[in-house]
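>>> When you get a sec, could you give me coordinates for this:
(chains A and B)
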Amino acid sequence: MAELMMNGETPEILFWVGCAGSFDQRAQKITKAFATILDKTGMKWAILGKEEACTGDPARRAGNEFLFQMMAYQNIQVLNGYGIKKIVTTCPHCFNTLKNEYPELGGHYEVIHHTTLLQQLIDEGKIRMKEGGEFKGKRITYHDSCYLGRANDIYEAPRKVLEALDAELVEMKRCRTKGLCCGAGGAQMFKEDEPGDKRINLERTEEALQTGAGFIASACPFCNTMMTDGVKLNEKEESVQVLDIAEMIAMNME
Amino acid sequence: MQIIQQVLFVLLAGAASWLFYKKASEIKRNILLGKEEDLTDQPSVRWRNVVLLALGQKKMFLNPLVAVLHFVIYAGFIIINIEVLEIVLDGILGKHRLFAEPLGSFYTFLINSFEWLAVGVIVVCVIFLSRRNINKLKRFISKDLNGWPRSDANYILITEIVLMSLFITMNAADRALQLNGNEHYHDTGNFFFSGLLAPSLQSFGDGTLVAIERACWWLHIVGIFAFLNYLPYSKHLHILLAFPNAYYARLDAPGKMRNMPSVQNEVLYAMQPELAPADAAPPARFGAKDVMDLSWKNLLDAYSCTECGRCTAACPANGTGKLLSPRKIMMATRDRLEEVGKNINQNGSFQDDGKSLLHDYISVEELRACTTCNACVQECPVSISPLDIITELRRSLIMEESNAPQEWNGMFSNTENNFAPWKFSPDERDQWATA
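As a prediction, the model looks like this:
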């Protein structure tokens, strides 16, 4: 972003990468896939780079409001400083915080999740799929992210994007408003589970495996990690892949 | 004789209304112990929620069979209560079936419909009793309901069966007296169910029939007065509070957590000291330790909960054997609030009893298990948010007690120092672009 500003340019959209997308090796692949898509569509986009910081979502949900407010203050200063109008993010947690929690703290932006942007780009014909692509006729099940679905009522965009893959979409027993959490939200990602009978990600992965799908589509880097772990624990990594919707589109794009 | 009955009735009705009023005011006072929160914007959306969620029971209809059964009880109960108006007026004025003559055949139609509804209510109550006690649905046999809450649910269903049976028996005895040609009991026409019973009662003789009719009449209305006063102590209070609870439901995106302007300002003043007013005082408490620290809406939620357990059935933590149960969060909040209310009744104002909602009623382990997935909020048919209470209590744990698992402390310090929840250098944040 800093470079663009020096050249006196403004991007159409700011890609908010998020901490998982920046640092987590698995999530970096999602970031790269999405960046490739953005490049191919010819959009003018930018990232904050080193100036991006955690939105504060895990801190806030754990109960640390001070830390959340500190992160929000910094981020809003940076975003407003660059005059950012529109943000896309590959993380539903960043999406929720930027869209719903920053406005009353002074950060007003048009925020969209990457699945919604992908749907728009497909509808506008800016993303075109290969004939007989990678996923043609294959069985895919989509895992609803809580922070996309229940928290923000986005259920259709990810499914519409997946339809473009010409695959067979199957739903899990619990989906959409009834979708079962992967177990990562509310800062659970950053600690061990409380005592219980089973890990939540295992419960959810088993439900996904029951559909017989060869691909579990996710739209959140944390869900992706949880489901990937679940697939490994079930020793199914040979036959079942967990992929972000952006990765699937990038693989299938002309 | 008639006048004694009238006086007795008026006294009874007065006492029942006064007791109900007293308890209702107490509940209102308890709810207002909560912190202020303005929930009056967008009235048109709010009224829409009342119509769809409370009146129309929209979320119940996600499971249509149960929704229809529940709707029969609900509609039956409300509509049959129109008939209570006649009973009350009869009782005060010493009349018998005051509306029968002026309404004529419409009266026959009306009471006949009530009988159909009453039988519907009886049938559904029997089904619901069996779901709880014979089919033993998972959410009804949960340990959340051990003791009083489980009995409470059964008492309500049994009472409704008794009240409806009294109504039908009363009509049957009345009809038998009409068929016997008793002058005091003028012809109301035939009602379906009592009409079936009446012929077999005719042989009892007028004296017995009058006794049956009067006994049922009195038991029915005494039962209704008793039920009215049982409501405020019961989970059944939802039949009243579902309406305001739908109206005052938060309208923000469910993913949005309530802001804490006090903390927001404190951070702002730390960053920009020139903005800080000289007399900026920090808030007394961060987050909620006890019920008084919650919003009044959280407390209204607690009184509106009918302990159906849809939230807990959908909770990913509960479903995988963790201690957390969103229903129990609501029940604990109400129990603590009732305790605080009693404390105020005894002492005039709340005196510290060494207890609090956090720790004494809701444990750290329960709070820690929540993934903030919003499934409980989504499921609740009467617009309750257990999640909001959970996050408010978490705020108190962290900001008042510095009570966090070691891993969370690590996550906090990483976020603070490296601007990411993991221990990576901020300089590496854009390395994915070059690697």
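>>> Next one: B:Phe9 from chain A, what distance?
50 Å (CB to the nearest CB, to the nearest Å). C-beta here means a position set from N, CA and C on the backbone, and glycine is covered the same way.
>>> I'd assumed B:Leu89 was in contact with that residue.
No. B:Phe9 lies out of contact with B:Leu89 (CB atoms under 8 Å); the separation is 10.5 Å.
>>> Which one's more surrounded, the two?
B:Phe9 (20 against 12; other CB atoms under 10 Å in any protein chain shown).
>>> Now B:Leu337. Its backbone dihedrals?
phi -70, psi -40 (degrees, to the nearest 10).
>>> and chain B, what are its domains?
Listed by automatic domain parsing, the domain ranges of chain B are B:2-247, B:261-269+B:283-424.
>>> and the last one, how far out from the chain's middle?
In terms of CA atoms, centre = their mean, to the nearest Å, the gap separating the centre of domain B:261-269+B:283-424 from the centre of its chain is 20 Å.
>>> first vs last residue of it, how far apart are they?
31 Å (CA to CA, to the nearest Å).
>>> can you check stretch B:340-355 too?
10 Å.
>>> hmm, back to that, redo the domains of chain B as a markdown table? Include mean pLDDT.
Shown next, in a markdown table, are the domains of chain B (pLDDT from 0 to 100):
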| stretch | mean pLDDT |
| --- | --- |
| domain B:2-247 | 94 |
| domain B:261-269+B:283-424 | 97 |
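>>> Throw the ones you listed into CSV and include distance to A:Gly186, thanks.
Listed next are the domains of chain B as CSV, based on distance: least, CB to CB, whole Å:
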stretch, distance to A:Gly186
domain B:2-247, 21
domain B:261-269+B:283-424, 3
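>>> Tell me where the stretch 1-150 of chain A has strands.
Assignment of strands within the stretch 1-150 of chain A using DSSP state E, counting those that start in this stretch yields the ranges A:13-16, A:45-46, A:86-89, A:110-113, A:139-142.
>>> can you list those strands in JSON lines and add distance to B:Cys370, mean pLDDT and mean neighbour count?
Formatted as JSON lines, the strands of the stretch 1-150 of chain A follow (distance: least, CB to CB, whole Å; pLDDT from 0 to 100; neighbours: other CB atoms under 10 Å in any protein chain shown):
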{"stretch": "strand A:13-16", "distance to B:Cys370": "26", "mean pLDDT": "97", "mean neighbour count": "23"}
{"stretch": "strand A:45-46", "distance to B:Cys370": "35", "mean pLDDT": "95", "mean neighbour count": "18"}
{"stretch": "strand A:86-89", "distance to B:Cys370": "24", "mean pLDDT": "98", "mean neighbour count": "21"}
{"stretch": "strand A:110-113", "distance to B:Cys370": "23", "mean pLDDT": "98", "mean neighbour count": "21"}
{"stretch": "strand A:139-142", "distance to B:Cys370": "24", "mean pLDDT": "98", "mean neighbour count": "22"}
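>>> Could you point out which of those strands sits nearest B:Ala284?
With CB to CB as the criterion, B:Ala284 lies closest to strand A:110-113 of the strands of the stretch 1-150 of chain A, at 34.6 Å.
>>> Count residues in the vicinity of residue 123, would you?
Chain wasn't specified; assuming chain A. Quick note: A:Asp123 (other CB under 10 Å) scores 12 neighbours.
>>> The intended chain is chain B.
Count around B:Val123 with other CB under 10 Å applied: 15.
>>> can you tell me which residues contact the residue nearest to it when sequence neighbours are not counted?
Residue nearest to B:Val123 in three dimensions, not counting chain neighbours: B:Val72, with 7.9 Å by CB to CB, 6 or more residues apart in numbering or on different chains. For B:Val72, the contact set (CB atoms under 8 Å, 6 or more residues apart in numbering or on different chains) comprises B:Leu117, B:Gly120, B:Val121, B:Val123, B:Val124.
>>> do A:Ala53 as well
With contact taken as CB under 8 Å, 6+ apart, A:Ala53 is in contact with A:Met71, A:Gln74, A:Asn75, A:Val78, B:Phe419, B:Ala420, B:Pro426.
>>> For chain A, give me its nearest residue in the stretch 101-250 of chain B.
B:Arg250 (11.8 Å; CB to the nearest CB).
>>> Now name the helix or strand holding that residue.
When elements are assigned from DSSP states H and E, B:Arg250 belongs to no helix and no strand.
>>> Tell me how many other residues crowd it.
As a burial measure, B:Arg250 scores 16 neighbours (other CB under 10 Å).
>>> Surely it touches B:Asp41?
No. Using CB under 8 Å, B:Arg250 is not in contact with B:Asp41, being 10.4 Å away.
>>> Show me what stretch A:112-121 is in contact with.
A:13, A:34, A:37, A:41, A:86-90, A:92, A:95, A:127, A:148, A:152, A:154, A:157-158, A:160-161, A:219, A:245-246, A:249.
>>> Contacts only, for the residue of the stretch 101-250 of chain B closest to chain A.
B:Leu39, B:Lys297, B:Ser385, B:Asp388.
>>> From these, list just the buried residues.
B:Leu39, B:Lys297, B:Ser385, B:Asp388 (16 or more other CB atoms under 10 Å in any protein chain shown).
>>> what about the helices in the stretch 51-200 of chain A?
A:57-62, A:65-81, A:92-96, A:114-123, A:156-163, A:200-210 (DSSP state H, counting those that start in this stretch).
>>> And the fourth one, what's buried?
Think helix A:114-123. Under 16+ other CB under 10 Å, the buried positions of helix A:114-123 are A:His114, A:Thr115, A:Thr116, A:Leu117, A:Leu118, A:Gln119, A:Leu121, A:Ile122.
>>> when you compare where that helix runs with where helix A:156-163 runs, what's the angle?
Using axes from the mean of the first three to the mean of the last three CA atoms, to 10 degrees, the direction of helix A:114-123 lies 50 degrees away from that of helix A:156-163.
>>> tell me the mean pLDDT over helix A:114-123?
For helix A:114-123, mean pLDDT is 98.
>>> Contacts only, for B:Ser194.
B:Glu115, B:Ile168, B:Thr169, B:Met170, B:Asn171, B:Ala172, B:Asp174, B:Arg175.
>>> related to what we said a few turns ago, how about the buried ones among the contacts of B:Arg250 in TSV, adding secondary structure and distance to chain A?
Output for these, formatted as TSV (DSSP: H, G, I helix; E, B strand; the rest coil; distance: CB to the nearest CB, whole Å):
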residue	secondary structure	distance to chain A
B:Leu39	coil	15
B:Lys297	helix	18
B:Ser385	coil	12
B:Asp388	helix	12
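>>> Take those and lay them out in JSON lines including distance to B:Ala242.
Conversion of the buried ones among the contacts of B:Arg250 to JSON lines gives the following (distance: CB to CB, whole Å):
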{"residue": "B:Leu39", "distance to B:Ala242": "16"}
{"residue": "B:Lys297", "distance to B:Ala242": "14"}
{"residue": "B:Ser385", "distance to B:Ala242": "14"}
{"residue": "B:Asp388", "distance to B:Ala242": "18"}
